[in-house]
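Asker: next one to model:
(one chain, ligands or ions: 1)
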Amino acid sequence: MSSNFLAETSRRRTFAIISHPDAGKTTLTEKLLLFSGAIQIAGSVKARKASRHATSDWMEIEKQRGISVASSVMQMSYRDHVVNLLDTPGHKDFSEDTYRVLTAVDSALMVIDAANGVEAQTRRLIEVCRQRDTPIITFVNKMDREVREPLDILDEIERELGMPCVPMTWPVGQGKAFGGIVNLRTQAMTVFESGSERRPQDFEAVPLTAPEALRERFGAEWDTAMESMELATGASPAWDREAFLAGRQTPVFFGSGVNNFGVMEVLDALVDLAPSPQPRSSTVLVNRQPVTREVRPEDEDFSGVVFKVQANMDANHRDRIAFVRMASGKYTPGMKLKVQRTAKELRPTSVVTFMSQRREAVDEAFAGDIIGFTTHGGVQLGDTITGGAALQFTGLPFFAPELFMTVILKNPLRTKQLQQGLAQLGEEGAIQVFKPDAGGAMLLGAVGQLQFEVVQHRLKTEYDADVRLEGCQYTGARWITAENPADLRAFTDAYPLRLAHDAADTLAYLCTSPYDVRLAQERFPKIHFHPLREHA
Ligand code: GDP
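Answerer: Prediction:
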C-alpha cells in the first residue's frame, strides 16, 4: 500500500507561479497548460482578458480590473507526472492571499520581465519564499524585446534573492536580434522564431558541436553570447539540486512566453528539478500538551489543510468551495472526513479537482494535490481536515490588519444579508471582520486598501447588501491571549471599549496608535499581544 502511495506522491509537483503584474505570468501559465496538453487552444491573453474569460480569473471584479484577485488552481499531467499549478494574485493589496497560497506549494516559478528586472511585487513574494526556504525556478521572459543584458539581470536576481543563479539556458541576442537560447544541459541551441502558434517541436535545434556555422549565422550576437555565457557559468556555482531544494540556488531559464519559446524547458524543469510533495508540520496533543509531528506525504491517513475558501465562484450556486492542499493519504469519493476545529464530519456536496478551466469530480487524489470541497459552511481558512487523526497543521497565518473601516448598511432591512455576507467573506479571508464587544457597527480590517473595494462590491452583487464604508480611529489590532483566565479578565475589564471578536471568534484588542499596544503591554505584562494569528 504505502509503496503505491509513495509512487503516486513522488510523481506529483505542486508549485506557485509568482511575478510582478505584466511580467507575463498569465501568458506563461497558458503556455504551460497548452504544452502539457491540458488545454487545446491558447487564445491570446489580450483576447481572453477582453472577452473576460481568463483561464485563471474567476471573479467578476478581477475581470473588471484586469488583476488577479483570487488565486486559482490548475492541474495538468505531463511526462507521467501530475503537475499542480497555483496562481497567485499579483496585486500587493492581496498579499495575504498570496502568502497562504505559498504555504500550499513545494516550489515556486518566478517570472521576470527581462526589461524591468526584479520589480516591487516580486520582491515581496521572494521574501515570503525565502522565509519558508521554498525552492525557486526563475524564468526571464520577453527576450524578444529590447531588454537588459543577461549578466546584468542575473546579477540583480542574485542580489534580490540572496542566492546564486545557475543558468540552465542562455540567450543569444535579444529584441530584433534575438537568435535563440543555448541549452547548457543538452549543449544545443534552439533557434528563435516568433509566433504564438508554434509548437515546441517546431523550433530548430542545432548542436553546439559546429560553432562555426552558428557564428556565421548569428554574427556578433553569437560571440557576445558565448563570452557572457562563459562569464556567467564561470561565476556561478555548479548545479546542485540539494542546494536548490534548500532554497540556496535558483536555476534560470530565458525565453519568450508569448512566442512559446523557452517554455518547454521550464515545464521539463518542473518535472526534473522541482521537488515532489514535502512533509508538513502539524501539532498533536499528547497528554493535553501540543507536540510537533511531521506528516509525510506517503502516510496512509488522509490529511490536508484549507488554504483558501471562496464563495460563489459559480454565480448560480450559493455555495462555497474550500481548497485543500493534501498533505498525506489518498482521497476517494465518499470517504468520511472530519474538520478538526469543530470535530464535525465534513459533508461536502461535491469534491472537485481543477483540470485547467474545468472543475471535475475527483476519482482519487494524493498528497500534493489540491481538491475543492463544496460546502454550505462549517469550513474555515486554516482548518485541518483528516480521515480521523487529531492533528492541526501549523503555519497558515492571518496578519493583524493595518487599515480599518466601519460598515454602514444603506438599507437597514438587509441586516441579515449583510451578516451572512460578512461572515462568509470573513471566513474566506477576503477581509477580516471584527465585531466590537461593546456593540455598534461591524469593523472591517484589511492589509491592503483594495480589499475594501472588493468586499463592498461583493456584498452588493453577491449578497444584495449595499454598504457605505467609513473611516474610523483604529490603526491596528492584536490578538489577545493569557495563560491565566484571571489576568485576561482584568485586561478585558480595563478595556471594554477596545475589544472585538473576529470571524474565528478570537479576541482582539483594537488600537489607535502604536503606543497603545506598548502602554497596554506595560500595564498588563501577563497578556500576550499577537500580531499574527495562526489558525482558529
Ligand atoms: P501578467 O500580468 O504577469 O499575467 O502578464 P500577461 O501574461 O498578461 O502579459 C502582459 C503583457 O506582456 C501582455 O500584453 C503579453 O502579451 C505580453 N507578453 C507576455 N510575454 C511576452 C513575451 O515573451 N514577449 C513580449 N514581447 N510580450 C510578452
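Asker: what pairs with the residue lying closest to Ile17 once chain neighbours are set aside across the strands?
Answerer: Spatial nearest neighbour of Ile17, excluding adjacent residues (Cβ to Cβ, 6 or more residues apart in numbering): Leu109 at 4.8 Å. From N, CA and C alone the C-beta is placed, and that goes for glycine too. For Leu109, the beta-bridge partners are Ile17, Ile137 (DSSP bridges).
Asker: burial of Leu109, as a residue count?
Answerer: 25 (other Cβ atoms under 10 Å).
Asker: hmm, it is touching Val266, no?
Answerer: Yes. Judged on Cβ atoms under 8 Å, Leu109 makes contact with Val266 at a distance of 6.9 Å.
Asker: what do these two both touch?
Answerer: Both Leu109 and Val266 are in contact with 28, 137, 139, where contact means Cβ atoms under 8 Å, 6 or more residues apart in numbering.
Asker: okay, those residues in TSV with pLDDT next?
Answerer: Shown next, in TSV, are those (pLDDT from 0 to 100):
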residue	pLDDT
Leu28	93
Ile137	98
Phe139	98
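Asker: may I ask which of these has the most neighbours?
Answerer: Among the shared contacts of Leu109 and Val266, Phe139 has more neighbours than the rest - 27 neighbours, counting by other Cβ under 10 Å.
Asker: centroid-nearest residue for this protein?
Answerer: Here the mean C-alpha position of the chain is nearest to the C-alpha of Val101 (Cα atoms, centre = their mean), at a distance of 3.0 Å.
Asker: enumerate the residues of the stretch 101-250 of the chain near the ligand.
Answerer: Residues of the stretch 101-250 of the chain lying close to the ligand (Cβ under 6 Å from any ligand atom) are 141-142, 144-145.
Asker: out of the shared contacts of Leu109 and Val266, who's nearest the ligand?
Answerer: Closest approach to the ligand among the shared contacts of Leu109 and Val266 (Cβ to the nearest ligand atom): Leu28, at 6.7 Å.
Asker: from what I see, the closest one and Asn260 are in contact.
Answerer: No. Taking Cβ under 8 Å as the definition, Leu28 is not a contact partner of Asn260, at 10.1 Å.
Asker: all helices of the stretch 51-200 of the chain, in order?
Answerer: With helices called from DSSP state H, counting those that start in this stretch, the stretch 51-200 of the chain shows them at 60-65, 95-102, 120-132, 150-161.
Asker: please identify the most buried of those.
Answerer: Comparing these by mean neighbour count (mean count of other Cβ atoms under 10 Å), helix 95-102 comes out on top with a mean of 23.
Asker: neighbouring contacts of that one?
Answerer: With Cβ under 8 Å, 6+ apart as the test, helix 95-102 has contacts from 16, 18, 69-71, 86-89, 108, 124-125, 128-129, 132, 134, 307-308, 381, 396-399, 429, 447-448.
Asker: report the buried members of those residues.
Answerer: Neighbour counting with 16 or more other Cβ atoms under 10 Å marks 16, 18, 69-71, 86-89, 108, 125, 128-129, 134, 307-308, 381, 396, 398-399, 429, 447-448 as buried within the contacts of helix 95-102.
Asker: how near is Gly24 to the ligand?
Answerer: As judged by Cβ to the nearest ligand atom, to the nearest Å, Gly24 and the ligand stand 3 Å apart.
Asker: number of nearby residues for that residue?
Answerer: By other Cβ under 10 Å, the residues close to Gly24 number 22.
Asker: now swap in Ser276 and tell me
Answerer: Using other Cβ under 10 Å, the number of residues around Ser276 comes to 18.
Asker: same deal with the one 5 residues further on?
Answerer: Counted by other Cβ under 10 Å, the residues lying close to Ser281 total 13.
Asker: would you list every one of the strands in the stretch 351-500 of the chain?
Answerer: Applying DSSP state E, counting those that start in this stretch to the stretch 351-500 of the chain gives strands spanning 358-361, 365-366, 370-375, 384-386, 392-393, 398-399, 403-409, 432-436, 443-446, 467-471, 476-482, 499-501.
Asker: the first one - what's its average pLDDT?
Answerer: Going back to what we said before, that points to strand 358-361. Mean pLDDT, computed over strand 358-361, is 67.
Asker: also the third one?
Answerer: Along strand 370-375, the predicted confidence averages to a pLDDT of 90.
Asker: again, but for the fourth one
Answerer: The predicted model assigns strand 384-386 a mean pLDDT of 96.
Asker: note down every partner strand of that strand and its orientation.
Answerer: Pairing partners of strand 384-386, with direction, according to DSSP bridges: strand 303-311 (antiparallel), strand 337-339 (antiparallel).
Asker: kindly report the same for the last one.
Answerer: In the sheet, strand 499-501 lines up against strand 432-436 (antiparallel), strand 507-511 (antiparallel) (DSSP bridges).
Asker: how far does that strand sit from its chain's centre?
Answerer: How far strand 499-501 lies from its chain's middle: 30 Å, per Cα atoms, centre = their mean, to the nearest Å.
Asker: list the buried residues of that strand.
Answerer: Buried residues in strand 499-501, counted by 16+ other Cβ under 10 Å: 499-500.
Asker: as CSV, the strands of the stretch 351-500 of the chain with distance to Val271 would be great.
Answerer: Shown next, in CSV, are the strands of the stretch 351-500 of the chain (distance: least, Cβ to Cβ, whole Å):
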stretch, distance to Val271
strand 358-361, 22
strand 365-366, 16
strand 370-375, 18
strand 384-386, 28
strand 392-393, 27
strand 398-399, 34
strand 403-409, 42
strand 432-436, 39
strand 443-446, 39
strand 467-471, 47
strand 476-482, 42
strand 499-501, 47
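Asker: may I see those organised as CSV, with distance to the ligand added?
Answerer: Formatted as CSV, those follow (distance: least, Cβ to the nearest ligand atom, whole Å):
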stretch, distance to the ligand
strand 358-361, 21
strand 365-366, 27
strand 370-375, 20
strand 384-386, 31
strand 392-393, 30
strand 398-399, 24
strand 403-409, 25
strand 432-436, 27
strand 443-446, 22
strand 467-471, 28
strand 476-482, 32
strand 499-501, 37
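Asker: do you know how far Thr461 is from Phe399?
Answerer: Here Thr461 is placed at a distance of 27 Å from Phe399 (Cβ to Cβ, to the nearest Å).
Asker: show me the strands in the stretch 51-200 of the chain, by range?
Answerer: Shown for the stretch 51-200 of the chain, the strands assigned by DSSP E, counting those that start in this stretch span residues 73-78, 81-87, 107-113, 136-141, 165-167, 169-172, 180-183, 188-191.
Asker: the ones you listed: which one's closest to Tyr474?
Answerer: Set against Tyr474 and scored by Cβ to Cβ, the strands of the stretch 51-200 of the chain come closest in strand 81-87, at 32.5 Å.
Asker: who's in contact with Glu364?
Answerer: Per Cβ under 8 Å, 6+ apart, neighbours of Glu364: 330-332.
Asker: for it, give me the pLDDT.
Answerer: Note on Glu364: pLDDT of 89.
Asker: contacting residues for Arg523?
Answerer: So Arg523 contacts Ala494 (Cβ under 8 Å, 6+ apart).
Asker: okay, domains of the chain per the record?
Answerer: Domain assignment of the chain by the TED database yields the ranges 17-68+109-273, 280-393, 397-534.
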